[in-house]
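Visitor: Build me a model:
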Amino acid sequence: MSSTPPNQAGSSSSFSTNNDTLQSHSKSDTSLTIRQKEKLPIRNNVDLDDIKFDENEFDQEIDLLIGQYLEARNIPNISDYWNENVLNQNQHNLEERKDWIQDVERCILDGDYSSIEGLISKPGLLKHQTQKSFLYLCWRQQFLEHVENRESQKAFNLLSKRLKPLEHYQPVPYDFYSLSYLTSASTVHDAPTFRDWAGVGPERERLVGVWRELMGSEKGHSHQEKRYIPPDRLRTLLRQAAAWQVGQVGYGGDGTLKLPTLLNDYRPLQLPDQLNRLIKGHTANVKCVDLIGPRGELGVSGASDSTLRIFSTQDYNVYHILQGHTSRIWSCSSTESGSTVVSGSGDGTLRFWDTNSGDCRNILYGDGGDVYSVSWRPGQQNQVVSASYDRILRSWDVETSKQVRTFSGHSQSTLAVTFDYTGNIIASGSKDKHIRLWDAVGGTCIKNITGCLGEITSVEFDQEGRYLLASCKDNSNRLWDLRMQRNIYRYTGHQNTSKNLIRCSFAHNASLVVGGSEDGLIYIWEREGSTNSSTSSDISGTANSGLLPANSTSESKGKDNLSNNNHITPAYYPPRGKSTNKDSTSSTIQTVKPLKVLEGHEDGAVFDVIWKNDRMLSAGEDGLVGIWGN
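Guide: Here you go, the predicted structure:
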């Protein structure tokens, strides 16, 4: 038999873990010198997949961070429960784990190799491939001991029954081949690759060293030692994570950056500054629009020609023309999944449309006249609420086609209705200039909000249910803080006083307000933006970039855009001067001027605007649907 390469199967202590298998160390595997490390290129960008943790240690440290956070919040009952039922349990599991490690060491030193397989296969101790790799080393050690004791038959049986099935877990090439050679040898040292074999006792000690290295030397940790956690560590880690997210997308501002949420990755605010397309097809004014599904890749529009259209917001093709209503479409809304669209019409009916096929799935007949607004209940695709001419709100079960409940209290027609994020609260707006909050289950009115000087044409909750946004026919959109129970902002600059239903809505995690206007323009406000305390009558700084000069006019508004529908670049209309009049009902209400005003539709009002995932739709009196982007 030819000689195998040197150092191919030396002592057991030369093995360590790598990619869940045990590999030998060679000169190329040794650590780099300081000089070599200095020459290595610095990695500025690290992918999340490049970060690896010890899973067991990772989970335990997260539990410790949560425990520290609960103690800092001074919530004794929850903190005590966490410490007793989670951290103590983790400590118990850790002690059990250390007992297992010690049992394996004891079996190796005693030569009880048959018990090792059952010990290391306990859940959570080792990964499958690592178990097999270490078992190979154990059977290998036992095989060499049989050879050393001249127990050739036992050695042969062990080789064929134990080592052969694990051959592909051998630590170095030709190791199994060298072991096979020893079945006909008198001593272990007869094989060139085992000439440095130190004997049974020392080699068992070396195998224990491999085991300790594999388990991260956990035996040396004292279970009574309380691990030190830097103060406020969880908040520090979250701030570091947020800083990394901001660094990935870039941030050119100065000073403190206020992040709106931890639940989603940071996304810089990019206002839609380009009209991508004006969708033609409707033969009358477009009353309402909605973006379909969570990504908004499809849009739907409803118009006074009694039809709805489903179209792509990417390639702008119209997929379906939905026909069946006999009067104008006042409102349309899609489910969270985007599979179904509901529409409310002047014919007094609600129709439910399949987004994929365009078929009408169901028709609900009300007896309240025009249906001005419809809204799906969050988390459920079989319940909607509608607002009608007869002052009544109706909750519907779509599957049974029956009214679940009615809500009475408004003195004039209800024009707007919506659910909060829980689906337990309904907000409604009416021609009586009142906003009412309702218990969706019990049907009772829990709050009557007054203060508007005009009819309420739209209502919307933010995603946390803390704020309520309403559009009023007094040339203002208003924001209520429901916890403080007061109106805190008025958004002005647009026009909304005539018989039109001009709507507004939240955008960009409720940090912005977007809405239409009777002057044919689209207005964008910061939710907590510039107020009338400012001395400038124009938008200043970066918010004013891209707007028309103050002496520009809107005489050519929309006409040039329609001549080139493949790619439309809109003009920007200068925002109106800030209002200096405070709301008559409260001196604490702040008046907010527009952040940006967009122009693109032809003459007539913009009735509805909705913005989701960097896509924005607008519904115009000109019969066109605007698709806006960055």
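Visitor: only C-alpha atoms for contact and neighbour calcs from this point on.
Guide: Fine.
Visitor: confidence score at the residue nearest the centre of the chain?
Guide: Among the residues of the chain, the one closest to the centroid is N264, at 4.4 Å (CA atoms, centre = their mean). We have a pLDDT of 78 for N264.
Visitor: That one and G366, how far apart?
Guide: According to CA to CA, to the nearest Å, N264 stands 40 Å off from G366.
Visitor: my read is L350 is in a strand, agree?
Guide: Yes - counting by DSSP: H, G, I helix; E, B strand; the rest coil, L350 is part of a strand.
Visitor: Name the residues linked to it by a beta bridge.
Guide: Note on L350: beta-bridge partners G344, L364, judged by DSSP bridges.
Visitor: Isn't it up against R361?
Guide: No - here L350 lies out of contact with R361, judged by CA atoms under 8 Å, at a distance of 10.8 Å.
Visitor: more crowded one of these two?
Guide: More crowded of L350 and R361, by other CA atoms under 10 Å: L350, with 27 against 13.
Visitor: who's in contact with that one?
Guide: 342-344, 363-366, 371 (CA atoms under 8 Å, 6 or more residues apart in numbering).
Visitor: Can you tell me the SS state at the residue nearest to the centre of the chain?
Guide: At N264 the chain is in coil, as set by three-state DSSP.
Visitor: R309 belongs to a strand, doesn't it?
Guide: Yes - counting by three-state DSSP, R309 falls inside a strand.
Visitor: thinking again about what came up before, just give me the least confident of the contacts of L350.
Guide: Minimum pLDDT across those is recorded for G366, with 84.
Visitor: can you pull the contacts of it?
Guide: Residues in contact with G366 (CA under 8 Å, 6+ apart) are 348-350.
Visitor: Where does pLDDT dip in the chain?
Guide: The chain contains residues with pLDDT under 70 at 1-45, 54-56, 79, 83-97, 122-125, 216-226, 252-254, 530-587.
Visitor: go with 50
Guide: Low-confidence segments of the chain (pLDDT under 50): 1-30, 217-224, 532-586.
Visitor: for the residue lying farthest from the centre of it, what are its contacts?
Guide: Going by CA atoms, centre = their mean, the residue of the chain most distant from its centre is S186, 66.4 Å out. Shown in contact with S186 (CA under 8 Å, 6+ apart): 147-148, 150.
Visitor: In the residues you listed, which residue is surrounded by the most others?
Guide: Neighbour-wise, those (other CA under 10 Å) top out at V147, 24 neighbours.
Visitor: For the contacts of L350, which PyMOL command selects only the ones that are buried?
Guide: Provided next is the PyMOL selection string for whichever of the contacts of L350 are buried by 16 or more other CA atoms under 10 Å:
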select buried, resi 342+343+344+363+364+366+371
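Visitor: tell me the two of the contacts of L350 that are most distant?
Guide: With CA to CA as the measure, no two of the contacts of L350 lie farther apart than V342 and G366, at 14.1 Å.
Visitor: and D190, how far is that from L182?
Guide: Look at D190 and L182: by CA to CA, they are 7 Å apart.
Visitor: Those two: which has the busier surroundings?
Guide: Taking neighbours as other CA under 10 Å, D190 and L182 compare with L182 leading, 22 against 13.
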